[in-house]
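Colleague: Kindly return the folded structure for what I paste below:
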Amino acid sequence: MPECIHGLEVPLCDACYPKAVVEKPKVTRPSSPRSARVAGVNTTRKAINLSQQRVYHITHIDNLESILDAGAISAGVTPNVDLSTPLTRELRQTAEISPGESVADHVPFYLVPTASLWEDLRTGAADETRWSAQARASTASDFVFLVTTVAALGEGAVITDGDAAATLTRFASGDQLGRMLERLHDTDTAAGAEALAKGPVPFDAIQLVGVANDRVRDRVRGFTATKVAVYPPWFQPVEG
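Modeller: Residues are numbered from 1 along each chain as shown. This next block holds a predicted model:
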């Protein structure tokens, strides 16, 4: 498939190929249970193909070389640039997906590149209880996106409908993965959701490394032969 100047497949790049905005006439219709959204949930279901549903692991570029040396993204390791505070790590360690199975035992991914926590991080990581001093000292261009699919996360993958360490968050696994993704599709709730991979995720499963600019792209290409794409919109604060 042809690629744009940013290294992305043509349909993916909103910068080079912006979607046309179509003005629609305003029509007042009675509410319908088939199309209503209740509490951020889209009740119009969309069938989800797990092999095409992308997920995004975001890390500091200074962590990338050690990930490549290990050949995988692993849970429970101490990275060169630790973005989390001890409190955040403790909360994820004590949050259980099932008895004896901790959130911290899983590698976290976001469901959308505009995830709420990424928005917090790229706009200054102001919450000192969640983000480390290293996180607060970083800029958005210091990070990279490691992109794969839900199917590539392997057996034991889990989808959440919110922060995995939060008390009221619900978890889905196995046959329920698709249903959870259907419920989250095209809703505001997806920005707070996570995909969790049990055990290491081989770097060979990463399909794309997304970076903010050409300088970072050239540096990353010195580490890996995996496709690297410059895509600035992923690194800019969400408007609105």
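Colleague: where do the helices sit along the chain?
Modeller: Under the criterion DSSP state H, the chain carries helices at the ranges 61-70, 86-94, 116-122, 133-136, 177-184, 214-221.
Colleague: could those helices be laid out in a markdown table, adding mean neighbour count?
Modeller: Any C-beta I mention is one placed from the backbone N, CA and C, and that applies to glycine too. Shown next, in a markdown table, are the helices of the chain (neighbours: other C-beta atoms under 10 Å):
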| stretch | mean neighbour count |
| --- | --- |
| helix 61-70 | 17 |
| helix 86-94 | 15 |
| helix 116-122 | 18 |
| helix 133-136 | 16 |
| helix 177-184 | 20 |
| helix 214-221 | 15 |
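Colleague: Could you export those helices to a markdown table, including columns for distance to V201 and mean pLDDT?
Modeller: A markdown table is the format used below for the helices of the chain (distance: least, C-beta to C-beta, whole Å; pLDDT from 0 to 100):
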| stretch | distance to V201 | mean pLDDT |
| --- | --- | --- |
| helix 61-70 | 10 | 96 |
| helix 86-94 | 17 | 96 |
| helix 116-122 | 18 | 95 |
| helix 133-136 | 22 | 96 |
| helix 177-184 | 16 | 94 |
| helix 214-221 | 18 | 97 |
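Colleague: Of these, give the one that comes closest to I206.
Modeller: Nearest to I206, of all those, is helix 61-70, at 9.2 Å by C-beta to C-beta.
Colleague: residue contacts, I159?
Modeller: Taking C-beta atoms under 8 Å, 6 or more residues apart in numbering, we find I159 in contact with 111, 150, 171-173, 177, 180-181, 184, 193-196.
Colleague: so where's this structure shaky on pLDDT?
Modeller: Residues of the chain meeting the criterion pLDDT under 70: 1-46, 239-240.
Colleague: Find the nearest non-adjacent residue to the most centrally placed residue in it, please.
Modeller: By C-alpha atoms, centre = their mean, the chain has its centre lying nearest to Y110, at 2.1 Å. Once flanking residues are discounted, Y110 sits nearest to Y56: 4.7 Å by C-beta to C-beta, 6 or more residues apart in numbering.
Colleague: who's that neighbour bridged to?
Modeller: Y56 forms beta bridges with Y110, V147, as assigned by DSSP bridges.
Colleague: what's the answer for H106, then?
Modeller: The partner residues for H106, given DSSP bridges, come to K198.
Colleague: dump the residue contacts of it.
Modeller: A75, I97, V158, A164, L196, A197, K198.
Colleague: so who does R122 touch?
Modeller: Neighbours of R122 in contact, by C-beta under 8 Å, 6+ apart: A140, F143, F235, Q236, P237.
Colleague: hmm, 10 Å instead?
Modeller: When contacts are counted by C-beta atoms under 10 Å, 6 or more residues apart in numbering, R122 is found next to 58, 138-143, 212, 234-238.
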